[in-house]
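Colleague: Here is a sequence with its predicted model. Questions after.
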Amino acid sequence: MNPACLFCRIIAGELPSTVVHETATTFAFRDLHPQARTHILIVPRVHFTDAVDLAKGQPELLTDITLAAGEIAEQEGLAEPGYRLVFNTGRDAGQTVFHVHMHLLGGEQLGHFGA
Ligand code: 5GP
Ligand code: ZN
């Protein structure tokens with residue numbers, strides 16, 4: 001728990017969020033400013049800065065958040081139409097919260113990269 005970290009405080013229940021899924025190691029909640037009809041953030045409960053930091057420190061948690069994403073996609077009816085999983089990593093990618101989080105985006109036709 002990093003008391004200066006927004007997402008650590010959300011996970012601890014100190015700040016409110018709309019929780020959609022929880023496991024022993026993961027936590028998932030709706031994005032406050034959705035960029036698609038469905039926009040959910042999936043995080044490990046422990047604090048790592050970004051996806052590479054997580055892969056170096058506790059790689060099994062990358063699997064855990066990915067499996068959580070799959071379960072949430074089923075729960076939200078997105079498994080068949082499909083969805084997007086994204087890690088913004090660093091400033092140029094627009095990362096604003098430095099507690100690693102996987103974005104799950106879907107519920108509509110998403111624009112294709114490079115199109
Ligand atoms: P990033 O830009 O770091 O990849 O993603 C951070 C995400 O967190 C953004 O999509 C932003 O809308 C979301 N966000 C920022 N503050 C809050 C908050 O207090 N609650 C929730 N649920 N989402 C937040
Ligand atoms: Zn944190």
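Modeller: Received, thanks. This one's a predicted model, so the numbers in the text were calculated from it and none came from an experiment. Ligands and ions are numbered 1, 2, ... in the order given.
Colleague: May I have the secondary structure class of residue 85?
Modeller: strand (DSSP: H, G, I helix; E, B strand; the rest coil).
Colleague: who touches the residue nearest to residue 95 when sequence neighbours are not counted in this structure?
Modeller: Spatial nearest neighbour of residue 95, excluding adjacent residues (CB to CB, 6 or more residues apart in numbering): residue 88 at 4.2 Å. The way it works is simple: take the backbone N, C-alpha and C, and place the C-beta from them, glycine included. Taking CB atoms under 8 Å, 6 or more residues apart in numbering as the criterion, residue 88 is in contact with 94, 95, 103.
Colleague: send the alpha carbons of whichever helix in the chain runs longest over as PDB?
Modeller: The residue-count maximum for a helix in the chain (DSSP state H) belongs to helix 60-75. Provided in PDB are the C-alpha atoms of helix 60-75 (Å, rounded to 0.1, in the frame of the first residue of the first chain):
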ATOM      1  CA  GLU A  60       2.400 -14.200 -12.200                       C
ATOM      2  CA  LEU A  61       0.300 -11.100 -11.500                       C
ATOM      3  CA  LEU A  62       0.300 -10.300 -15.200                       C
ATOM      4  CA  THR A  63      -1.500 -13.600 -15.800                       C
ATOM      5  CA  ASP A  64      -3.800 -12.900 -12.900                       C
ATOM      6  CA  ILE A  65      -5.000  -9.500 -14.300                       C
ATOM      7  CA  THR A  66      -5.300 -11.000 -17.800                       C
ATOM      8  CA  LEU A  67      -7.500 -13.900 -16.500                       C
ATOM      9  CA  ALA A  68      -9.500 -11.400 -14.500                       C
ATOM     10  CA  ALA A  69     -10.000  -9.400 -17.800                       C
ATOM     11  CA  GLY A  70     -11.300 -12.600 -19.400                       C
ATOM     12  CA  GLU A  71     -13.800 -13.200 -16.600                       C
ATOM     13  CA  ILE A  72     -15.000  -9.600 -16.700                       C
ATOM     14  CA  ALA A  73     -15.400  -9.700 -20.500                       C
ATOM     15  CA  GLU A  74     -17.700 -12.800 -20.000                       C
ATOM     16  CA  GLN A  75     -19.600 -11.000 -17.200                       C
END
